[in-house]
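Trainee: next input, structure requested:
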Amino acid sequence: MRWLRIMWLSGICIASLGVSVFADPTPAATQPSAPAATAGGLEFHILVFDRSDPAFKAMSDRMKPGGVGPAPQAGDETYRWFEVAHADAFDLRGQPAQTVEWAGKHYLPVLITPGASMTGEKPWSIAPVFTTTDSTGAPIIEFVFDVRGKELFSDLTTRFQPHDGRFYQLAIVLDGKILSAPRLLDPITGGSVMLQGGAKGWTPEDQQLIVEQLRRARP
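Mentor: Presented below is the predicted three-dimensional model:
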């Protein structure tokens with residue numbers, strides 16, 4: 001089973017152990033029958049991993065005192081700053097901070113090149129988001145890519161599978177904010193995604209917020 005570990009807290013996705021995004025096909029008996037909803041507010045990007053690139057240095061300088069900040073600028077074709085939904089997902093106590101602060105918000109740089117992104121530029125969709133429970137009764141949120149989405153997600157995670165000891169992080173972006181950026185361990189080719197709330201699970205309010213965000217995602 002191909003999966004990524006993430007954790008949700010107060011409706012926000014936090015990188016951690018104990019919570020999983022699974023990518024195995026959903027059994028036919030549990031496939032939703034309603035029409036697919038296009039996803040676009042939902043995007044996937046690879047986090048910047050080579051900070052020696054002069055083009056990235058220029059992006060980084062924007063976040064220094066006197067810089068112009070994280071807003072996209074004309075000519076940006078490779079990198080972009082995205083706000084993170086919760087800095088504690090990345091800036092762990094006792095470890096160097098991953099995010100960069102600007103005006104009280106925290107940001108991470110991602111690649112926006114076609115080969116390192118999955119956006120609405122190439123149309124794809126997800127089946128209606130629905131909820132279920134696992135064998136222990138813990139709540140699960142699940143959606144299924146259409147044929148095109150499955151292909152694009154498989155291609156992206158295959159392209160950035162571990163190579164020569166390097167691991168890549170996949171930023172999950174919803175409504176313009178990075179929810180989490182789990183490390184890719186294997187290609188994810190199954191076509192469905194299952195979000196599980198971890199050992200403590202979600203509150204009903206958390207679960208409903210996540211479902212609503214996914215359902216209103218548009219290209």
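
Trainee: which stretches of the chain have low pLDDT?
Mentor: 1-40, 196-203, 217-219 (pLDDT under 70).

Trainee: which SS state does the residue of it most remote from its centre fall under?
Mentor: For the chain, the C-alpha farthest from the mean C-alpha position belongs to G66; by C-alpha atoms, centre = their mean, that distance is 30.4 Å. Secondary structure assignment for G66 (DSSP: H, G, I helix; E, B strand; the rest coil): coil.

Trainee: gap between the residue nearest the centre of the chain and G165?
Mentor: In the chain, the residue lying closest to the centroid (C-alpha atoms, centre = their mean) is I172, at 0.9 Å. Per C-beta to C-beta, to the nearest Å, I172 is found 24 Å from G165. No exception for glycine: its C-beta is placed from N, CA and C like everyone else's.

Trainee: residues near the closest residue to I141 other than its chain neighbours, how many?
Mentor: Nearest residue to I141, sequence neighbours excluded (C-beta to C-beta, 6 or more residues apart in numbering): L195, at 4.4 Å. By other C-beta atoms under 10 Å, the residues close to L195 number 27.

Trainee: and the helix or strand L195 falls within, which residues are buried?
Mentor: L195 is part of strand 192-196, with elements assigned from DSSP states H and E. Going by neighbour count (16 or more other C-beta atoms under 10 Å), the buried part of strand 192-196 is S192, V193, M194, L195, Q196.

Trainee: got JSON lines for the residues you listed, with distance to D76 too?
Mentor: Output for the buried residues of strand 192-196, formatted as JSON lines (distance: C-beta to C-beta, whole Å):
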{"residue": "S192", "distance to D76": "33"}
{"residue": "V193", "distance to D76": "28"}
{"residue": "M194", "distance to D76": "34"}
{"residue": "L195", "distance to D76": "30"}
{"residue": "Q196", "distance to D76": "35"}
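
Trainee: quick one: which of these is nearest to H86?
Mentor: L195 (15.7 Å; C-beta to C-beta).

Trainee: distance of that closest one from L152?
Mentor: L195 is 19 Å from L152, by C-beta to C-beta.

Trainee: could you do A71 as well?
Mentor: 27 Å.

Trainee: which of the two has more neighbours?
Mentor: More neighbours surround L152 than the other of A71 and L152, with 19 against 10 (other C-beta under 10 Å).

Trainee: hang on, that one in a helix?
Mentor: Yes - counting by three-state DSSP, L152 is located in a helix.

Trainee: ok, V173 - contacts?
Mentor: By C-beta atoms under 8 Å, 6 or more residues apart in numbering, V173 lies in contact with L42, E43, F44, H45, F82, V110, L179.

Trainee: which element is the second one on?
Mentor: Read it as E43. Counting by DSSP H and E, E43 is found in strand 42-46.

Trainee: ok, the contacts of V173 vs P204, which is closest?
Mentor: Nearest to P204 among these, with distances taken as C-beta to C-beta, is L179, at 19.1 Å.

Trainee: which residues touch E121?
Mentor: Counting by C-beta under 8 Å, 6+ apart, E121 has contacts P114.
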